[in-house]
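K.L.:
need coordinates for the below:
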Amino acid sequence: MRILVADTFPEASRAELHQRGHDCSYEPDITAEDLPKGIRGYDALVVRSTKVTADALAAANRLQLVIRAGSGTNTIDTTAASRHGISVCNVPGRNAVAVAELAVGLLLAVDRRIPDNVAQLRAGEWNKKEFQRARGVKGRRIGIVGLGDIGLAFAERVAAFGTSVHAVAKRGRDTATLERARAIGVTYVDTLETLVATCDVLSLHVPGGESTRGLVGRGLLGLMWPGTILINTSRGDVIDEAALLEAMDAKGIRVGLDVFPDEPTTATAHFDSPLTRHPNVYGTHHIGASTEQAQQSVADGVLEIVDAFTAGTLLHCVNRDLNPASLGADGS
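P.N.:
Numbering: from 1, shown residues only. You can find the predicted model right below:
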């Protein structure tokens, strides 16, 4: 196959694709705007953060497969892909530990105000009196919103700090998830509202999409305790930005964010956000899955999908149930 890799991807894994007989082009800096002009002639597309729009999919004359080198597929127009008979596959679970590690790091950074410590020391200031005041993590009630691979990996790590871990009870969870949660000691509550109102740390690990957009808005923020720590390593639009700014000012909520609404989709760009400027926010550059370990594991997953596809099988296809023949010109 002719494969376009339109994001960063390990060199060794690109070599593996060539060794398997594929013609692999590497364009890690291509933008969503340029993709429609560069997609023609390719059978498969591999992306991480690059958006795959309906225009790009319409411009593709040979494309059969889009692989998201990660779990979330909200940056890919899966409805348009289905309309054109293009399969969209993802690589779930391979970067869960990396994201969970960053979420723990953000929690500790917020609690101990680590970035402010560093900034003052670099400016030549010693202020132990200011920074010696911290509550600590032990004994906190941690609410996890989204008990998938990442949520469970985060739960395992924060439980080791002597916290109590809580989640919303949900029907249909598989046996492996339930057993893993039981081993961690997860306590269930009936509703998201109860979870928010009874925990002093909340960590978001939900997928993006219509069902979670604005999930944490004025209603849930109004239930949070003053001084609650909120961590989001999932998707930026899960939180209502305006409501969060109000809650931080009114209730002293402190926040660790790896994701932001309308964040750049390129590796480098100017980014001016009221959230990044707020003193209650410690932010990172959407790097949750960006460890060498995670990227290699995800790349191995991409290779498995390519191998399966060439053998006539789809792995982790997210639009398998959408019948192109049933979709109208507007995707309805």
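K.L.:
tell me the confidence at residue 72?
P.N.:
With respect to pLDDT, residue 72 scores 83.
K.L.:
where does it land in three-state SS?
P.N.:
Following DSSP: H, G, I helix; E, B strand; the rest coil, residue 72 is assigned to coil.
K.L.:
tell me the contacts of it?
P.N.:
With contacts defined as CB atoms under 8 Å, 6 or more residues apart in numbering, the neighbours of residue 72 are 90, 207-208, 235. Yep, even glycine has a C-beta here, placed from its N, CA and C like the rest.
K.L.:
what do you get if the cut-off is 10 Å, keeping everything else the same?
P.N.:
90, 92, 206-209, 234-235, 289, 318 (CB atoms under 10 Å, 6 or more residues apart in numbering).
K.L.:
ok, now residue 241?
P.N.:
214, 217, 260-262, 273-275.
K.L.:
residue 137 now?
P.N.:
104, 107-108, 110-112, 158, 161-163, 201, 229.
K.L.:
try it again with 7 Å
P.N.:
107-108, 111, 161, 163 (CB atoms under 7 Å, 6 or more residues apart in numbering).
K.L.:
among the contacts of residue 72, which lie within strands?
P.N.:
Among the contacts of residue 72, the residues falling in strands (DSSP state E) are residue 90.
K.L.:
mind checking pLDDT for residue 155?
P.N.:
Reading off the model, residue 155 has pLDDT 98.
K.L.:
does it sit in a helix, a strand or a coil?
P.N.:
helix.
K.L.:
could you pull up the residues touching it?
P.N.:
144, 165, 184, 186.
K.L.:
next step: those restricted to strands.
P.N.:
Using DSSP E, the contacts of residue 155 in strands are 144, 165.
K.L.:
before we move on, the earlier item: let's have the contacts of residue 241 in JSON lines, adding pLDDT.
P.N.:
Listed next are the contacts of residue 241 as JSON lines, based on pLDDT from 0 to 100:
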{"residue": "214", "pLDDT": "96"}
{"residue": "217", "pLDDT": "97"}
{"residue": "260", "pLDDT": "97"}
{"residue": "261", "pLDDT": "93"}
{"residue": "262", "pLDDT": "90"}
{"residue": "273", "pLDDT": "95"}
{"residue": "274", "pLDDT": "96"}
{"residue": "275", "pLDDT": "97"}
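K.L.:
circling back: including pLDDT, distance to residue 24 and neighbour count, could the contacts of residue 155 go into CSV?
P.N.:
Compiled in CSV, the contacts of residue 155 are given as follows (pLDDT from 0 to 100; distance: CB to CB, whole Å; neighbours: other CB atoms under 10 Å):
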residue, pLDDT, distance to residue 24, neighbour count
144, 98, 38, 28
165, 98, 43, 25
184, 97, 41, 19
186, 98, 42, 22
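K.L.:
on that earlier part again, ok, and the most crowded of the contacts of residue 72?
P.N.:
Neighbour tally across the contacts of residue 72 (other CB atoms under 10 Å): the maximum, 27 neighbours, falls on residue 234.
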